[in-house]
Every structure is written in C-alpha cells, then in structure tokens.
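1. need a structure here:
(one chain, ligands or ions: 1)
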Amino acid sequence: MKHHRVVVTQHGGPDVLQVVEEDLPEPQAGEVRVKVLAAGISGYDLMFRRSGSLPGTPSVPFTLGEDVAGVVDKLGEEVSTVELGQMVAGATFSLGAGGGYTEFICLPASELVPVPSGVDPAEAVCMVVNYLTAHMAMHRTSKNRSGERILVHGAAGGVGTALLGLGKLAELKMYGTASKYNHELVSALGATPIDYRTEDFVERIRGLTGDGVDAVFDPIGGARQLWRSYQVLRKGGRLVWFGVAATKKEGLRVIPFTLLMRTLLALIPDGKSAPLTPDLDKDNAWYRETLTELLDLLAAGSIKPVVAERFPLAEAARAHELLERGGYAGKVVLVTSA
Ligand SMILES: NC(=O)c1ccc[n+]([C@@H]2O[C@H](COP(=O)([O-])OP(=O)(O)OC[C@H]3O[C@@H](n4cnc5c(N)ncnc54)[C@H](OP(=O)(O)O)[C@@H]3O)[C@@H](O)[C@H]2O)c1
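-> Down below sits the predicted model:
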C-alpha cells in the first residue's frame, strides 16, 4: 500500500514543499505506526524550510511537522502502552526536525499519549507542542501563582493563545500584545489587548498596572524586545523567553543577539530573573503526564484551543503561505481524510 508525504525538496519559499507517494513505513520494535489525521505547522517549520543554516536542519529532502494526532494503525514489537485503532497524539522529537506532514508515520510509543474519545484531532494536536510549551513556561519555569499579573507577547499566536487558556485556568490577570485585528480574540480569551504595532507596551503596562507584571512570556526575541520586556517586570518578576518569531522579519541574525541579551539580563542582581525553559523532550515522564492532563482538560471543555485554519495535507504550501503572510490567530493545522 502507498501513502503520501510532504517533503522539502530544497530550501526556499513555500513552493519547495512537494507531495511524494511512497510505500508505508514499517514500525520497528518499540514503535507505533499512526495514520495521521492532523499535523501541526509551526514557525520552526518555516525556518527549517527557508534555510539550511539553522543548527539541526537535516539535509534535503526531509519532512517537516513537530506534532501529530491520529489513529494507531500498526504496533511494533514490545509496545503495550497503546492499542490498535486508538486515537493518539504526540510529538516527533525522535525524528529531529519533524516528520508530521504525512499520511502515515512511525513513532516511538513513548512519545504517544491516548486521546480521550470525542476529541477533535486538530484540537488534540494543539495540545502537543503549543500547550505543552505554554504549560512548561507557566508552571515549571515561571511558577505562576493565582492572582499574579502576566504579559503574553504574540498573544494571538499558537503558543500565546495556549498561555491565555492556561492563564485563565490559573486565575492570572493577563495582558497580551497582538495586532489590532486580533484584539477581540485576545479579550475573549481573558486578557487586556495591547497593540504592539502602534502602542509602546512598556508605557501601557506601567499605566495599567503601576509597578509592572510578575511574568512576561516572550516568543518574539530580539535584543531590544527582551530588554523592553524586562523593563515591565516588578520585583520578583520572571522574563520567560522561549522563541524567535522576530526571525520572520529580521532573519536568523536576530538569534545570537537574543541569546546574548537573555544571558546579560539573567546576570543583573535586581530581584528579577530570566530563567531558561527546558526543552520539551528532556523529561519523558513530565511530557506524558502533562500531555495526558491537557488532553483531559480539552475533553472536559476546560480549555478550547484556537485552530486558525485547516488545510488538506496536499496543500501544505498554501498553509505555509498563510504563516508567511500572517493575519491569522491560533494554530494552523494540516488534515487528512479519516
Ligand atoms: N521553545 C519552545 O519549546 C517553543 C515551542 C513552540 C514555539 N516556540 C517559538 O515561539 C514562537 C511563536 O510560536 P507560535 O506557534 O505561537 O507562532 P505564531 O502562531 O506564528 O504566533 C506568533 C505571533 O506573534 C505575533 N507577533 C509578531 N511580532 C510581534 C511583536 N513584535 N510583538 C508581539 N507579537 C508579535 C503575531 O501576532 P499578530 O498576528 O497579532 O501580529 C503572531 O500571532 C515561534 O517563532 C517559536 O520560535 C518555541
């Protein structure tokens, strides 16, 4: 039997994403073959597609996609944690730069968690990288307590909307930067929106709070951005930097300046901090436990992820065009026919 997979044929624009037809992959011992129903698209995918200069980029041709949800189609030997026909979700960490843009994928059973019945696969896939990243940042790195104030940059993005969803559950007082066209959504998710294009967020946060916020979540990066984020922290506040969305406009050169600024900020002895967020794949027990918890919250209706748009797998290039263009909110997802 054959299936379809989207490959990056060479580095470049969205049109380098091509669909190939090939034999089904076979699961090795400890692996599970999953018939993919939904696969997430992220900013990292765009960086890996555009250029081979990012550390960890595989050589072409390769397949992108860091998270999937789908149905267990075949079990390798020694697998006992999932069953045939069961819906599962998980990350593709073991494959390096990804692999999710495909109809069938083989993954280690240890990366897959059962999805409660009735859950939409596109919403389940939002739990994997976006909500896990948000959970890690909020509950392990920043350790937010009920009643604290937070500022979420990129509040209408995939991770930003996840932070607002979890922040509401944790009873935090939330502020979020976003373009004007996303302010209604940011308000609906429980945060006070700030237009980062036309307003000075440092002044605005000071005006709204007096002495600042307890945590800033910054997926934008750039030396000036991090410096300004640090300025809105009150004493005891944490700057949690976890991404470089600024590369979209400014290119990869923004990364070393971001790293340098975070290191310098962490050295200032002023009662504020800039803690590092651990990688999601370093603690499998935490990963499985937290992903299970998030999927249960999703099934119970306690969190509602924002799916920006669903594209058929074969239209991955069109989906990347949307990410390049901007103007969406939440997570863009590729779907296959069930
Ligand atoms: N460390 C990790 O484990 C991890 C995991 C996932 C993601 N990330 C990182 O996090 C970044 C964000 O991921 P995502 O999936 O949420 O991306 P996304 O869905 O593309 O969202 C990015 C958002 O950033 C907003 N934005 C752009 N420039 C901004 C600025 N100067 N100030 C405030 N907002 C700005 C855009 O908002 P508007 O459309 O409203 O303008 C957009 O909604 C990625 O680039 C990646 O580097 C890291």
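2. quick check: residue 266 vs residue 227, distance?
-> 13 Å (CB to CB, to the nearest Å). All C-beta spots, glycine's among them, are computed from the backbone N, C-alpha and C.
3. and for residue 307?
-> Using CB to CB, we find residue 307 at a distance of 34 Å from residue 227.
4. more neighbours: those two, which one.
-> Taking other CB atoms under 10 Å, residue 307 and residue 227 do not tie; residue 307 has more neighbours (21 against 14).
5. who's in contact with the residue nearest to the more buried one when sequence neighbours are not counted?
-> Leaving aside its chain neighbours, residue 307 sits nearest to residue 122 (5.0 Å; criterion: CB to CB, 6 or more residues apart in numbering). Contact partners of residue 122, counting by CB atoms under 8 Å, 6 or more residues apart in numbering, are 38, 69, 307, 310, 333, 335.
6. helix or strand for residue 122, which one?
-> helix 121-126 (DSSP states H and E).
7. domain parsing for the chain?
-> 2-126+281-335, 143-267 (automatic domain parsing).
8. those domains: which one's closest to the ligand?
-> Between the ligand and the domains of the chain, the tightest spacing by CB to the nearest ligand atom is seen for domain 143-267, at 2.2 Å.
9. and the stretch 101-250 of the chain, which of its residues are near the ligand?
-> Contacts of the stretch 101-250 of the chain with the ligand, taken as CB under 6 Å from any ligand atom, map to 129, 133, 153-154, 156-160, 177-179, 182, 196, 219-220, 242-245.
10. for stretch 284-295, give me every contacting residue.
-> Here stretch 284-295 has contacts from 89-91, 110-111, 113-116, 119, 124, 127-128, 131-132, 135-136, 140, 280-281, 303, using CB under 8 Å, 6+ apart.
11. enumerate every residue touching the nearest residue to residue 150 once chain neighbours are set aside.
-> Leaving aside its sequence neighbours, residue 150 sits nearest to residue 215 (CB to CB, 6+ apart; 4.7 Å). If a contact means CB under 8 Å, 6+ apart, then residue 215 has 138, 142, 144, 148-151, 233, 237-240 as its contacts.
12. where in the stretch 101-250 of the chain is pLDDT low?
-> Under the criterion pLDDT under 70, no range of the stretch 101-250 of the chain is flagged.
13. okay, helices next: where are they in it?
-> Along the stretch 101-250 of the chain, the segments classed as helices by DSSP state H, counting those that start in this stretch run 121-126, 132-135, 158-169, 183-188, 201-209, 223-231, 247-250.
14. same list (those) but as CSV, adding distance to residue 297.
-> CSV is the format used below for these (distance: least, CB to CB, whole Å):
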stretch, distance to residue 297
helix 121-126, 11
helix 132-135, 10
helix 158-169, 8
helix 183-188, 18
helix 201-209, 28
helix 223-231, 28
helix 247-250, 30
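15. nearest to residue 10, of those helices?
-> The minimum distance between residue 10 and those falls on helix 247-250, with 19.7 Å, by CB to CB.
16. show me what that closest one is packed against.
-> With contacts defined as 3 or more CB pairs under 8 Å, 6 or more residues apart in numbering; DSSP states H and E, the packing partners of helix 247-250 are helix 43-50.
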